[in-house]
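Visitor: Using only what follows, build the 3D model:
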Amino acid sequence: MSIVRRIVSDINSLLDKTVIVKLVNNRVYTGQLSSYELTPFIISLSNAKDNDNNTFFKVILNGNNITEILVKNAPLFDVKEFADIIEHSLNLRPGDVKVYEEAGVITVLERIKVTEGGVEGNGPLAQRIYDMYNDYMSKKRKELK
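Guide: Residues are numbered from 1 along each chain as shown. All right, here's what the predicted structure looks like:
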């Protein structure tokens, strides 16, 4: 995987997560990363606060002014880890479970989609995966505490 693709994957995994952004002028913004552009590098934060405790609905920052983007909490949902759980728990063949790591998506038998947001699909298999997902996320939340 190229360096650029890794960066894109890293930034994609931060979308909708709370980040701390430090700027060259010592300003600091904390908010949800809502979108970004690589060329030119620009990021957008929603529900942001600055270091003076001012709140903003939306802040768009020029990447040339950013010195650091920090994340306090690791994402709960690990697509590779959960894909392995699905594959082994349901005795599926390796090709039955596909991981799209950059997008944070797992597909099962090309008809069930799993993301950090939940499980999309219907039928007994989708229900079983949904139950596994709830158990997985519950354990991950307990690990944080």
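
Visitor: what about the lengthiest helix in the chain, average pLDDT?
Guide: Longest among the helix segments of the chain by residue count, using DSSP state H, is helix 124-144. Mean per-residue pLDDT for helix 124-144: 91.

Visitor: what distance separates the worst-scoring helix or strand of the chain on mean pLDDT from the middle of the whole chain?
Guide: Scoring the helices and strands of the chain by mean pLDDT, DSSP states H and E places helix 3-14 at the bottom, with a mean of 80. In terms of C-alpha atoms, centre = their mean, to the nearest Å, the gap separating the centre of helix 3-14 from the centre of its chain is 10 Å.

Visitor: contacting residues around the longest helix of the chain?
Guide: Counting by C-beta atoms under 8 Å, 6 or more residues apart in numbering, the neighbours of helix 124-144 from elsewhere in the structure are 73, 76-77, 82, 85-86, 89-90, 108-109, 112, 114, 118-121. The C-beta positions use only the backbone N, C-alpha and C, and glycine is treated the same way.

Visitor: What of stretch 97-117?
Guide: Stretch 97-117 has contacts (C-beta under 8 Å, 6+ apart) with 5, 8-9, 12-13, 75-77, 79-80, 82-83, 86-87, 92, 96, 119-121, 125-126, 129, 133.

Visitor: pLDDT averaged over it - what is it?
Guide: Averaged across stretch 97-117, the pLDDT comes to 90.

Visitor: Span of it from start to end?
Guide: End-to-end distance of stretch 97-117 (C-alpha to C-alpha, to the nearest Å): 18 Å.

Visitor: List the buried residues in that stretch.
Guide: When burial is assessed from 16 or more other C-beta atoms under 10 Å, stretch 97-117 yields the following buried residues: 97, 99, 101-102, 104-108, 112-116.
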